Each structure stands twice: as structure tokens, then as C-alpha cells.
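> got a predicted structure plus its sequence, pasted below:
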Amino acid sequence: MDEASIAALVQRARANDPDAYAEIYRQFRPRVLGLCRYMLGSVEEAEDAVGDIFARLPKAMKSYDLALPFSRWLLSVASHHCVDVLRKRGSMQRLVEPMEEGAPEPVASAPSPLDEVVAREQRKRVREALMSLRESYRAPLALRYYNDLSYDEIAGQLGLTRSQVAILIFRGKQELRRKLASLREPKP
Amino acid sequence: MKCPSELVYSMYADGEASPEEVRQVEEHLAACARCRSLVQALQQENRLLREALQAAEELDLEAQRHGVAGPLLGFLGMLGVTTAAVMTVTWVASVFPSGAGWLNPFHRIAWFNWSFSSVLYLVMDGGNMLNSLVTALAFFMLAVVVASGLYWLFKKHSASMALLAALLLVICEAQPASAVETRKGQLVTIPAGETLNDTLMWGGDTLEIDGTVTGNVIAGGNSVVIRGTVKGDVIGGCHTLEIDGTVEGSVFAFCQALTLRGRIGGSAYAWVQAVRVEPGGRIEGDLVEGSGVLAIDGAVARDVKAFAGEVEVQGSIGRDLTAQSGHIRLTAPAHIGGNFTAHVGHTRDVLVAPGVTIGGKSQTLVSVESNPYARPKFYFWQAVRLAASFVTGVVLFVLFPSLFGGRLETAGRVLKAAGTGFLVLVVPPIAALVLGITLVGLPVGLMMLGAWIVALYLAKILVAAAIGRGLLHLHEPRLGSFALPLLLGLVIVTVAVNLPYIGWLIAPLVVLVGLGLGFREGTRHWRERTAV
């Protein structure tokens, strides 16, 4: 959907047109579901979260600033919700725990960037590997590479400092590489 | 100049390096080919990540696949696991010495024993059946809860695990410190004149103790006959337990038949089909039992608490007799030193023959089958229990909020929860029994049993919370918005469980679903964390 039609849709929604909300749900559910899956780590919880997010959408619309692109705003609402869920779960504690400011620079791992041909199977493996990461790595990675948020925005959402986010993303990718490398090895 | 660290490159590739760092990096890249290729690879990696995560159609397909098959598979899975567990237990029971065969949970008599006692316990909603045994269980449970609370407080996985393990060790150490002698065999005898200065653990067909055992006797088998002396306690899971001699400690019996002709210095706790205290038999402490038939011709020095089908007393009871049963008969020369309280179905089920002396009060409480709903007292107690459940629920929520994540909106979920609940309902008591047989596992088995009973009580609360939240569409467990849905759900569940004609069917369903919910939510956290 192009920006203009989205804008029209949003207008109708703000005028309390129920069909508009249904259309918004149809258009944006997949993306929101995807984000929630990555953030929360399970399809079941993601579906729950999506239900909640869209149920609350009419109320949240009141605070939507038309200057922002709608999809970005919607995704940030979604990620706020996911962060809340993670916080409730208590996993947000662990996000902050092991990170002290001024931690020694992480040891350089063997650089094995993922420079293979981008195949469908490969992408699936990447997603699986991501889902198997612990939440402290998965959440920032998802917000960065699925939502395209900046480090500052991620830091704001997760309640961390910018350098903590940088370290988490760095280590997360290291961990991701390790998992993918072990997946690639032939099983004995 | 040394190559900048990978962290800096990671930030640079993300476009998030500070202007100063950007300047340094680009200066360095101009000169260093290795780092150039590293940066290129990192940027390509970012692209790949982005593409993989944002591949819309592939994501959709994956999500859909889960949605449809999930609940059904889950339920089938639970059924399969339960079947496997049942088959395993049957196999285990068949491998056991023949004497313990009756302990096979599916043996008719044992099943009757077990279900009879369990149902009574649940129906009484935790009435004070076994004073000291329950206290011991409560102590263990308290220890576990304290440990869990500490874990919640510190959230330091390894430290709390160590603490829990230490706690468990301490609890298990509360066994007699004396050495343990294990004997196995079809027929084991401790002949007269022989003294065993240890605790005796036995599994087999027949055990005869004519001599003396200075420690405890832990026995599992077909027939146990004690003609000699046991200075410690006797814990027996057997077909028949006959005590002609002396047991100076207490007796815990899980048997088909318990016959006492001798003397028990402590108290007796029995989950048995038939308990007979014959003339000459004497218990110095209390007798607490749940059984099919209880006959006291001898003497019990203190209290008797009985939950039995038939109770006949001709002997003497030093203090109170509290009996909840089908029929109670006191015939001369029965003597009760304290109060006599009978819970029966009709007043004609209590027969106190002439010549019977009762020192204290005598009251017969008839459970009014006809119409409890007409009496205000019924509603009062329901309200009290609801309030208690509410408070427990709030405390539980404060301690373990993650337990309340479960939801019941779709039939699929309810099915899944019920399937898990069935597993959780059936496996622990069987596992506890099996553990108890292995004898060293007795404390763990008891703990598991205690935890299981507590879970049965808490299950209702979980279901109530889920129902309330579902109805009010409040899905985020926050303390402020938790109380109202819980209250609403509890009211609904309490009403549903007390409905005439179908209430008794709803209650076990609620427990099943609640167990499943609790188990799934409780282990979800652990399951997802192991993905590290």
C-alpha cells in the first residue's frame, strides 16, 4: 500500500470507521506479528500480543501524530507492548544485568560473515537461529533489523544506554554466527 | 595504527558510530585492506539479516502453520505422553518383586485405597487428617516455597539452584542418621534373638521380624509380620501388616490390611483397606486413618481420627474419637475418654449401644444431603473460601506473576491446557509412589505429593484468573487490574462448581485445566531460557 492510501485509511480510522480498522488489521497484521514473534520468542505469545495491540489501537490512535509514517508508529506501539510483556516476564532484568559500562572490548571472534548466496533456506535458518537466541540479544536485533530503529531509539524502548545497545547487538550477532556455523556443520 | 575493534566496526556498519569514530575508521580503512573486507562483510551481513527478518511471505507461511496445527498437536502430544507414562509405570510394576504387585496403581484394591483416601482428603478441603504427617509435608513445602521466593528475589539462576539443592540435601538428611541395612528377598526373617542395629530397608515377599531392630523399618512387599521389637518407626507399603510385637516409634501404613495385636509406642497413621486393633492391641499415641473398615477392640491411648466406611469400636479410646464414615457402631464395653464426634449421612448410621461410656461430649453431625443451598451457613462458608482463594491468588500473583500468563479464549487452548493438566494430575502421585518404593526416594516422594496436593488447590485460582481476564478483556497481568478479574473468575468458578447435578463434574475439569495452565506457564519461562 502506498503512503497516500495509508494516510486515507488512517483518516477514516480516526473518524471511527470500523471498516478502516479492519483494513488496517489486514494490511499490517503480518508485520506486527513478525515483530512480536522476534521480540517474544514464540508464535503463541506473538499472536496474543497482536490481538492486544490491535484491540487497543482505537484508543492509541488518539495519540498518533500524523507527521510520523503510520507503519513506523504502529510498529513502535507494537514493540512497546512487547517490551512491556518482556518486562512482566522479568526478562528485562537480565538485559541490564551483565552489562557494565566500560566493559572490556569483546574479544574479536573469527570473522565469518554470512556472505553466502541468499537462499530461502538460508533466510529460514537465520530466523530460526535468531529465535533461539536469548531475549537480551534477540530484542535489540529484532528492533534494529526488523524495525530499522536507530540505536538511540532502541535504547529508549528497552531502557538501556546507547553503548549497552551497541554491545548487545555486537554480541548478538557473534552468537548468531556461532549458531549458524554449528548448524552448517555436517552432523556425525 | 592498530586496527579498531570489531565492536567499533559493528557500530560503523550500522551507521551508528560517533562522528569522531567515523573519521578514525575511514582514515584507517584507506590504508588497511583487511579491515576494508571486514567492513564489507559486516555490511553484507546486515543486509542479509534484514532480508531474512523482513521476508514477509515466508514469515506468513510459518506463522500460519503453527496456528492451525498447534493446539491439536499439543493435545495429542499430551495424550501420547500420558499413555507412554502409564505404560512405563505398568512395566515398572511388572518388573518389581511379585509382593509389591498390589502396589501397581491399577490394581483394583490399591486403586480403591488410594482414590478413597485422596477423594476424602480433597473433599474435606484439607481437613486436619494427619497432624504430624501434614505438618512435615507443610514444612517441606514451606522450605520449597522459601527457596523459590529467594530465587525470585535474586533472580540469580545458579545461586538459587545451589541454594535449592542444599535445602533439598538438608531435608533428605533429616532421615535417621543410623546406617541402613537393605535386605531383599522372597522371605526375609530376623530371627528371635538377633538384633539388627540399623534401619532395615526391605523389599520382597514376606518379612518376619522376630528379633529386634533398633532403627526404623521401611518395608515394601507382600506380608510384614512383626513379632519382635522395632525401636524406631515402621513405614510400610504392603499387602498385610501384622504387629504382634512392639513398635516403639510410629507406624505409617499404606496397606491392604493392618492388624495390631501388640503395642505401638507412638502413633499410627494408616491408609488401609482394613484396620483392626485386636484385643490386647494398644496404641500409645494417636490413630489417624482412612480406610474401608476400622475395628478397635483393643486400646488407643489418645485420639482416633477415622475416615472409614465402617467403624466398630468395642475397645477403649483414651481421648477423642472423631469419625467420618458410613456407619459407626459403639458396643460395650467401649469406652471413650474424651469427646465423640460423628460425621455421618443419617442419624441412624450411628449406633451407640447401652453400656458404652463416653467421658466427654457426644455429638452426631449429619451431613444434610437434602438441600445445602437453603442454609445460609453454606453460603457463608463458600464466601469465606472464596475470600481465602482470592487472598491466596493475589499473593501467588505477587510472587509468581508469570504463572498467570495463560489464556483460555479458544477451545484449542482449553484442550491443550486440559491435556497437560491430565498429565500433571496423573503422573506425580504415581511417581511419588514409585519413588516411595525405592525407599531412598521417600522424602522426595512425599514432597512431590505435597506439592501436587497444593497444586490441586491452586489450580482453581489459575483458572479463575484466566476466565476473569478473558471475560473482561484485560490481558496484561498488572497488580492493579488483576484483582477484579480474579474476583470475577472466582465467583464464576465457585458458582459453577457448586451447581446442583453438574457441579461435581465441573470441579475436576476446572482442576485439570488449572493444572495444565499452571504447568505450561511455569515451565514456559524455563523452557525459553534454556534456549541460550
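Structure received.

> contacts and neighbour counts: CA atoms only from here.
Will do.

> tell me where chain A has helices.
Taking DSSP state H to define them, one finds helices in chain A at A:3-14, A:18-40, A:43-55, A:57-61, A:70-89, A:91-96, A:120-131, A:135-145, A:151-158, A:162-184.

> domains of chain A?
A:3-89, A:98-184 (automatic domain parsing).

> residues near residue 10, how many?
With no chain named, the answer covers chain A. When counting by other Cα atoms under 10 Å in any protein chain shown, one arrives at 21 neighbours for residue A:10.

> the intended chain is chain B.
Residue B:10, neighbours per other Cα under 10 Å, totals 23.

> for it, give its distance to chain A.
Residue B:10 is 6 Å from chain A, where distance means Cα to the nearest Cα, to the nearest Å.

> and for the residue lying closest to that residue once chain neighbours are set aside, the neighbour number?
Nearest non-adjacent residue to residue B:10, counting by Cα to Cα, 6 or more residues apart in numbering or on different chains: residue A:170, 6.2 Å away. Neighbourhood size, residue A:170 [other Cα under 10 Å]: 21.

> next one: phi and psi at residue B:350?
As for residue B:350, its main-chain torsions (degrees, to the nearest 10) stand at phi -110, psi 130.

> now do residue B:18
Residue B:18 adopts backbone torsions of phi -70, psi 160, taken as degrees, to the nearest 10.

> just give the number of residues close to it.
Residue B:18, neighbours per other Cα under 10 Å, totals 12.

> quick one: it from residue B:30, how far?
According to Cα to Cα, to the nearest Å, residue B:18 and residue B:30 sit 18 Å apart.

> please apply the same query to residue B:358.
105 Å.

> ok, residue A:6 next?
Taking Cα to Cα, one finds residue A:6 at 44 Å from residue B:30.

> so between those two, which is more surrounded?
Shown here are residue A:6 and residue B:30; by other Cα under 10 Å, residue A:6 has more neighbours (17 against 10).

> show me the contacts for that one.
residue A:70 (Cα atoms under 8 Å, 6 or more residues apart in numbering or on different chains).

> least confident secondary structure element in the chain?
I went with chain A, as the question did not name one. Using mean pLDDT, DSSP states H and E, the weakest-scoring helix or strand in chain A turns out to be helix A:91-96, at a mean of 48.

> wait, I meant chain B there
Ranking every helix and strand in chain B by mean pLDDT, DSSP H and E puts helix B:108-123 at the bottom, with a mean of 44.

> contacts only, for residue B:243.
B:225, B:226, B:227, B:258, B:259, B:260, B:261, B:262, B:263.

> repeat that with 6 Å
B:226, B:260, B:261, B:262 (Cα atoms under 6 Å, 6 or more residues apart in numbering or on different chains).

> distance of it from residue B:192?
Distance, residue B:243 to residue B:192, using Cα to Cα: 15 Å.

> does the nearest residue to residue B:469 once chain neighbours are set aside count as helix, strand or coil?
In this structure, residue B:469 finds its nearest non-sequential neighbour in residue B:485, 5.1 Å apart by Cα to Cα, 6+ apart. Of the three states, residue B:485 takes helix under DSSP: H, G, I helix; E, B strand; the rest coil.

> next, give phi and psi for residue B:320.
Torsion angles, degrees, to the nearest 10, at residue B:320: phi -90, psi 150.

> I am finished for the moment; much appreciated.
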